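Student: sequence and predicted model, in that order:
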Amino acid sequence: MNFEIEKKGALIIILMPGESFEATMVKDFNQNLAPILQENTHIVFDLSHIRFLDSMGCGALLTCHKKLTAKGLRMGLCCAQKPVTAVFNLMGFPQLFDIFKTRKDAEKAFMNLQKMHP
């Protein structure tokens, strides 16, 4: 799983590749994410290409969230399509993550966060 990564100050935006994020991809996801998690930055996952997400994919996102919050960092999700948003709502993700309709909204919110907590 090769991420497309964009750095903006203390924020990394990760464009999730492919059209699904499921059990068979989690190991590769975790391996590729490990060095990014060491950078001590906030992370936003851009899910604009993802049309299917299973419970293992959700679990991987939750694990990432836990690792970041343990370090005092935040994680967001943006650009989720309707089927993915429905899964998030069922799993209670809106109560855990910052979820944004657009990448621009996510960038703006995290840039404001950086101004408040440099």
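Tutor: All right, it came through fine. These numbers were taken from a predicted model, which means no experiment stands behind them.
Student: which secondary structure elements does the lowest-mean-pLDDT helix or strand in the chain contact?
Tutor: Lowest on mean pLDDT, DSSP states H and E among the helices and strands of the chain sits helix 103-116, with a mean of 81. With contacts taken as 3 or more C-beta pairs under 8 Å, 6 or more residues apart in numbering; DSSP states H and E, helix 103-116 sits against strand 4-8, strand 11-15, strand 42-46, strand 75-78, strand 98-100. Placement of C-beta: from N, CA and C, glycine included.
Student: where does the chain dip in pLDDT?
Tutor: For the chain, applying pLDDT under 70 flags the ranges 113-118.
Student: how far away is the residue most central in space within it from Phe110?
Tutor: The chain has Phe45 as the residue nearest its centroid, 3.0 Å off, counting by C-alpha atoms, centre = their mean. According to C-beta to C-beta, to the nearest Å, Phe45 stands 12 Å off from Phe110.
Student: helix/strand/coil for Leu73?
Tutor: Judged by DSSP: H, G, I helix; E, B strand; the rest coil, the three-state class of Leu73 is coil.
Student: next up, phi/psi of it, please.
Tutor: Dihedral pair for Leu73: phi -110, psi 170, per degrees, to the nearest 10.
Student: ok, Ala80 - contacts?
Tutor: Applying C-beta atoms under 8 Å, 6 or more residues apart in numbering to Ala80 gives the contacts Leu47, Ile50, Phe88, Ile99.
Student: these two touch, right, the third one and Pro94?
Tutor: What that stands for is Phe88. Yes - contact status for Phe88 versus Pro94: in contact at 6.5 Å, counting by C-beta atoms under 8 Å.
Student: so how many other residues sit close to Ala23?
Tutor: By other C-beta atoms under 10 Å, 12 other residues sit near Ala23.
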